[in-house]
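# fold the following.
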Amino acid sequence: MLAWVTHGLGDPAESLRLVSLLSGLAAIPLTYLLGVRTVGRPAALVAAALMTLSPFLIYYTTEARAYGVTLLLVLLSTLTLLRALDSERWWWWAAYAVCSCAAIYAHYTPVYLLAAQFVWAFFARPRARLPLIAANAAVALAYI
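Presented below is the predicted three-dimensional model:
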């Protein structure tokens, strides 16, 4: 659907890759933000630098495939989950559900990472179990 939106922006062969390119570029600062939130600023800078120089990221962001979009959505899902766990606001849970569902729609492989997120959050934050289960049930229903 995103490729269809960019179809009229120029040469079809190039505009088809635009979504993947923009997603890959956006993944770099999101990796930094995730690193700052979880392991600190120095490690976040290293992670962002590694993402910037990663041959896999460079290759897959120049391809017209959903890997860059999937990476972006998984990073957004992780960031929104952490924010939802900290703030306990319903809109962060909704954002987590939307990002998770979109990641699964982009590619089927994020299911494993999202399952790991669920298990971690379920045991790390027992007080947030009910909204966590509700958000993931909404993801499952929306995907089905």
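
# pull the contacting residues for the residue lying closest to residue 44 once chain neighbours are set aside.
In space, and not counting its chain neighbours, residue 44 is closest to residue 35: 2.8 Å by CB to CB, 6 or more residues apart in numbering. Where C-beta positions appear, they are placed from N, C-alpha and C, glycine not excepted. For residue 35, the contact set (CB atoms under 8 Å, 6 or more residues apart in numbering) comprises 41, 43, 44, 45, 46, 47, 48.

# of those residues, buried ones?
Buried subset of the contacts of residue 35 (neighbour count, 16 or more other CB atoms under 10 Å): 44, 47, 48.

# let me have the residues you listed in a markdown table, extended by secondary structure.
Formatted as a markdown table, the buried ones among the contacts of residue 35 follow (DSSP: H, G, I helix; E, B strand; the rest coil):
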| residue | secondary structure |
| --- | --- |
| 44 | helix |
| 47 | helix |
| 48 | helix |
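
# how about the helices of this structure, start to end?
2-5, 12-38, 41-53, 55-61, 67-87, 90-106, 110-124, 129-143 (DSSP state H).

# and the fifth one, what does it pack onto?
Which is helix 67-87. helix 12-38, helix 55-61, helix 90-106, helix 110-124 (3 or more CB pairs under 8 Å, 6 or more residues apart in numbering; DSSP states H and E).

# ranking those helices by burial, who's on top?
Highest mean neighbour count among these (mean count of other CB atoms under 10 Å): helix 90-106, with a mean of 21.

# sorry, back to before: quick one: the buried ones among the contacts of residue 35 as TSV, columns for distance to residue 83 and pLDDT too.
As requested, the buried ones among the contacts of residue 35 are exported to TSV (distance: CB to CB, whole Å; pLDDT from 0 to 100):
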residue	distance to residue 83	pLDDT
44	16	97
47	19	96
48	19	96
